[in-house]
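Asks: How does the following fold in three dimensions:
(2 chains)
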Amino acid sequence: MASPKKTGNIGSQEERFLKAFEEYSDALFRHATLRISDRERAIDIVHDTFTKVWTYLRNGHEIETYRPFLYKVLNNLIIDEYRKQKELSLDTLLEREGVDEGSFEELSLSTVEALAATIDGKQALNLIDSLPDVYKEVLLFRFVDELGPREISILTEESENVISVRIHRGLKMLREKIEAETNVREESRVQHAKFK
Amino acid sequence: MKRFSAQLKKKADNIRLRAAEKRDLRERLVSYMEYHPLPADSVKIHSEPVQMEFFKVFHISAKYIRTAMAMTAVFIFIITPFLAEKTVPGDILYPVKGLTEDIRGSLNLTPYEKVAWETKRLERRVAEARLLEKEGKLTPEVEAGVLVAVQGHKSAAEAQIKSLQTTDSDGAGLAQMTFSSVLDVQTAILRSDISDTTAIGTLSVAITSVLEAGRSDAKTEGLNAPVSFERLMAQLEIETTRAYELLTSNESVATASEQSDTRRRLTDLEFKIKDASSKHESDPEEAVSELRTVWSDLQKLITFMTDINVRQSVSIESLVPIVLTSEERKEILVNKYEALVADLVRLDNAMEIMIIMDPDSVETIKSTLPEVNDLITLATSSIASSSLAEAEVTIVSARVLIDSMMQMAGISAESSEDILDDFDKGSTTSSHTNTEVEVDPDDDKIISSSSTPTITNPSTTPVAS
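Replies: From the prediction side, this is the model:
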């Protein structure tokens, strides 16, 4: 419900906005880079994020806490970027991957923890880009940007259960990829050792 | 997960804007800000927040709105009506009082409750009218308004009683009697005001006329309204319980004398109820009639206990007179009898020592004395036989005669004492009264007395010339 209120201090608004840029631009860039795997494009997206927020302020809105708002805008821009880049629509992608609520096992935090404990985080970052975006998005939000499932659900406008399921499946997929890569490396090593 | 997360984060932290990139990005952003500045008089719009409790994007002020609404509601529905309760016609908040009363009236579901409420409203109007008159705040408009209101509440109560008659005739009868009692009390208050002060205005007189007209109708209809014995007994049981509870709750505010007076009247009423109950089989109509009287008196008593205006204006005795027991009546009669005898002795002594100078007075006294003696003899026997009514009449008659004789003799209380003293000192012949009194040793109260007056035959006593 809108309740107009006279603003008193434009200068402080600009200061806050620029302060938010200093504080969050790196985190936003990181997230965008990991999502779209394009550094230059990520910079542009971060720029667009901040200009959109500035426009929002110009329209008379007030932002009490910048961080969640910036992530929300960023996420929307990344989705727009996907739509431009990918052949398949996001909806179709979601349909393929399934958006059911998942099993109890997948919803359980302890299951996610146990699963994450088996994965090498350093290797995971290299492989995370190969995951479908629906999983990449939630894993980055969760483990890089350190948002909780509830916050992620609000950002992505999905239910918490869907987010929890995606985290679980994303980790599982990541582990499978890491294991597959490890196996490939091992085979390659063995082969190399054979021919020596 | 902590390890995985820490590892992932640590590796991810390497992905960051280079200094130059960040600088360029900032410059682009500042340029954009300069080209698209914030309006100088921008009006902030508080939009609906992104629903993130953890981050709190927008400050929600709904709680302040809720608080303000709650306070407004408290002010409108509690404070204002409370303040309006004390108002009188002409005050700003007085219409609120009327509205509150209407709302309270609508909450009454049964016609009996409606009658009770209209009666209460009538009492309030009378109290307001009295206050306005005493404070001199009456204007012609206010006066007319109050009179219309009193008439209106009276008519509304009567209408509700008529309506009640179709569904609950017993209830209608009770309501009628209660209404009649209220009118009695209010009329008594107004009469008290009228008699107490010469400055009383026309409003009290006008209201008294309205109430008395209603009272007369109510009394007639109340007498005619049929109420069963059982219903009366049940309601009396409830009301007496209520009265005793009020008595107990008033202990801290009422004086011991007031408590005693009230308790005495309640006891009287209970005796009457028992008496009526015992008569029910043999004389049901008489029993119901007695219970009706008890009901009316009980309502007046309850009004007296609950309404400070009533207590300040009229005495409890005028509303609900004490009903003396036989023993009390007898005791009073004995006291009066003794006083009569004592005065007769003084008169006799006065005659003996010849202080009465006027021969005509002497003659009149002599001719009246036999009659007085006869009356006293009759009173003695009536008291002894507990014919109290007869004794009362006899004693009253004797009292009148003795008073007139003493007046003729010019005997006052003081001079008669002197006469007795002189008589004791110097007289050798005397006629005296033997009064044998039996006294309770525990509290020195007179239990009984028997007097045998001996009056000197006036014909043998020399009369001073």
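
Asks: Quick check, central residue of chain B?
Replies: For chain B, the residue nearest the mean C-alpha position is B:Phe304 (1.1 Å; CA atoms, centre = their mean).

Asks: Which elements pack onto the helix or strand harbouring it?
Replies: Assigned by DSSP states H and E, B:Phe304 belongs to helix B:284-306. Using 3 or more CB pairs under 8 Å, 6 or more residues apart in numbering or on different chains; DSSP states H and E, the elements in contact with helix B:284-306 are helix B:169-196, helix B:229-249, helix B:256-279, helix B:308-313, helix B:316-319. Glycine gets a C-beta too; all of them are placed from N, C-alpha and C.

Asks: where does the longest one sit relative to the chain's centre, distance-wise?
Replies: Spelled out, it's helix B:169-196. 11 Å (CA atoms, centre = their mean, to the nearest Å).

Asks: one step back: any idea how far the residue nearest to the centre of chain B is from A:Val190?
Replies: Separation of B:Phe304 from A:Val190 (CB to CB, to the nearest Å): 113 Å.

Asks: Report the spatially nearest residue to A:Leu28, omitting neighbours in sequence.
Replies: For A:Leu28, ignoring the flanking residues on the chain, the nearest one in space by CB to CB, 6 or more residues apart in numbering or on different chains is A:Val46 at 4.9 Å.

Asks: what about the residue of chain B found nearest chain A, neighbour count?
Replies: Residue of chain B nearest chain A, by CB to the nearest CB: B:Gln7 (2.5 Å). If you count neighbours by other CB atoms under 10 Å in any protein chain shown, B:Gln7 ends up with 19.

Asks: tally of neighbours for A:Ile79?
Replies: By other CB under 10 Å, 15 other residues sit near A:Ile79.

Asks: Please disregard the earlier target; I meant B:Glu230.
Replies: With neighbours defined by other CB under 10 Å, the count for B:Glu230 comes to 10.

Asks: okay, it: pLDDT?
Replies: For B:Glu230, the pLDDT comes out at 87.

Asks: Please report the distance of A:Asp44 from A:Glu15.
Replies: According to CB to CB, A:Asp44 and A:Glu15 sit 25 Å apart.

Asks: Make TSV out of the helices and strands packed on helix B:284-306 and add distance to B:Arg104.
Replies: Shown next, in TSV, are the helices and strands packed on helix B:284-306 (distance: least, CB to CB, whole Å):
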stretch	distance to B:Arg104
helix B:169-196	18
helix B:229-249	20
helix B:256-279	28
helix B:308-313	20
helix B:316-319	27
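
Asks: Please identify the deepest-packed of those.
Replies: With neighbours taken as mean count of other CB atoms under 10 Å in any protein chain shown, the helices and strands packed on helix B:284-306 reach their highest mean count in helix B:169-196, at a mean of 22.

Asks: now the angle from that helix to helix B:229-249?
Replies: Counting by axes from the mean of the first three to the mean of the last three CA atoms, to 10 degrees, helix B:169-196 lies at 50 degrees to helix B:229-249.

Asks: packing partners for helix B:169-196?
Replies: Looks like helix B:169-196 contacts helix B:111-135, helix B:140-167, helix B:202-224, helix B:229-249, helix B:284-306, helix B:308-313, helix B:316-319 (3+ CB pairs under 8 Å, 6+ apart).

Asks: what inclination does that helix have with respect to helix B:111-135?
Replies: Using the same axes, to 10 degrees: helix B:169-196 against helix B:111-135 is 10 degrees.

Asks: Tell me which residue is most central in chain A.
Replies: Residue closest to chain A centre, computed by CA atoms, centre = their mean, is A:Glu137 at 3.2 Å.

Asks: Leaving out the residues flanking it, which one is nearest to that residue?
Replies: A:Arg35 is the one closest to A:Glu137 (CB to CB, 6+ apart), at 6.4 Å.

Asks: picking up where we left off before, check which helix or strand the residue of chain B closest to chain A maps to.
Replies: B:Gln7 belongs to helix B:2-12, assigned by DSSP H and E.

Asks: mean confidence score for that helix?
Replies: For helix B:2-12, mean pLDDT is 79.

Asks: next one: stretch A:133-149
Replies: For stretch A:133-149, mean pLDDT is 88.

Asks: The residue nearest to A:Glu137 against A:Lys136, yeah?
Replies: Yes: using CB atoms under 8 Å, A:Arg35 is in contact with A:Lys136, at 6.3 Å.

Asks: returning to what we had before: pull the CA atoms of the helix holding B:Phe304 into CSV?
Replies: The C-alpha trace of helix B:284-306 is given here as CSV (Å, rounded to 0.1, in the frame of the first residue of the first chain):
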residue,chain,number,x,y,z
PRO,B,284,-54.6,-17.3,48.4
GLU,B,285,-55.7,-13.9,47.3
GLU,B,286,-54.6,-12.3,50.5
ALA,B,287,-51.3,-14.1,50.3
VAL,B,288,-50.7,-12.7,46.7
SER,B,289,-51.8,-9.3,47.8
GLU,B,290,-49.2,-9.4,50.7
LEU,B,291,-46.5,-10.6,48.3
ARG,B,292,-47.3,-7.7,45.9
THR,B,293,-46.7,-5.3,48.7
VAL,B,294,-43.5,-7.0,49.7
TRP,B,295,-42.3,-6.9,46.0
SER,B,296,-42.9,-3.1,45.8
ASP,B,297,-41.2,-2.5,49.1
LEU,B,298,-38.3,-4.6,48.1
GLN,B,299,-37.8,-2.8,44.8
LYS,B,300,-37.9,0.5,46.7
LEU,B,301,-35.3,-0.8,49.2
ILE,B,302,-33.0,-2.0,46.4
THR,B,303,-33.3,1.4,44.7
PHE,B,304,-32.4,3.1,47.9
MET,B,305,-29.4,0.9,48.3
THR,B,306,-28.1,1.3,44.8
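
Asks: just the angle between the lengthiest helix in chain A and helix B:2-12, please?
Replies: Counting by DSSP state H, the longest helix found in chain A is helix A:160-195. Here the directions of helix A:160-195 and helix B:2-12 differ by 80 degrees (the same axes, to 10 degrees).

Asks: okay, now A:Thr156: neighbour count?
Replies: Around A:Thr156 there are 19 residues (other CB under 10 Å).

Asks: quick one: it and A:Arg150 touch, right?
Replies: No: under the criterion of CB under 8 Å, A:Thr156 makes no contact with A:Arg150, lying 11.2 Å away.

Asks: Show the contacting residues for the nearest residue to B:Arg16 once chain neighbours are set aside.
Replies: When the adjacent residues along the chain are set aside, B:Arg16 lies closest to A:Asp26, with 4.6 Å between them (CB to CB, 6+ apart). A:Asp26 makes contact with B:16-17, B:22 under the criterion CB atoms under 8 Å, 6 or more residues apart in numbering or on different chains.

Asks: Let's have those residues in JSON lines, adding pLDDT and neighbour count.
Replies: Shown next, in JSON lines, are these (pLDDT from 0 to 100; neighbours: other CB atoms under 10 Å in any protein chain shown):
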{"residue": "B:Arg16", "pLDDT": "90", "neighbour count": "15"}
{"residue": "B:Leu17", "pLDDT": "92", "neighbour count": "21"}
{"residue": "B:Lys22", "pLDDT": "94", "neighbour count": "18"}
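
Asks: Now render those as CSV, adding distance to B:Leu93 and secondary structure.
Replies: Shown next, in CSV, are the contacts of A:Asp26 (distance: CB to CB, whole Å; DSSP: H, G, I helix; E, B strand; the rest coil):
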residue, distance to B:Leu93, secondary structure
B:Arg16, 70, coil
B:Leu17, 69, coil
B:Lys22, 68, helix
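
Asks: give me the number of residues near the closest residue to chain B within chain A?
Replies: Per CB to the nearest CB, A:Gly121 is where chain A lies closest to chain B, at 2.5 Å. Residues within reach of A:Gly121, counting by other CB under 10 Å, total 20.

Asks: Now that it has come up, it's in contact with B:Lys11, right?
Replies: Yes: using CB under 8 Å, A:Gly121 is in contact with B:Lys11, at 6.5 Å.

Asks: of all the helices and strands packed on helix B:284-306, which lies closest to B:Met351?
Replies: With CB to CB as the criterion, B:Met351 lies closest to helix B:316-319 of the helices and strands packed on helix B:284-306, at 40.0 Å.
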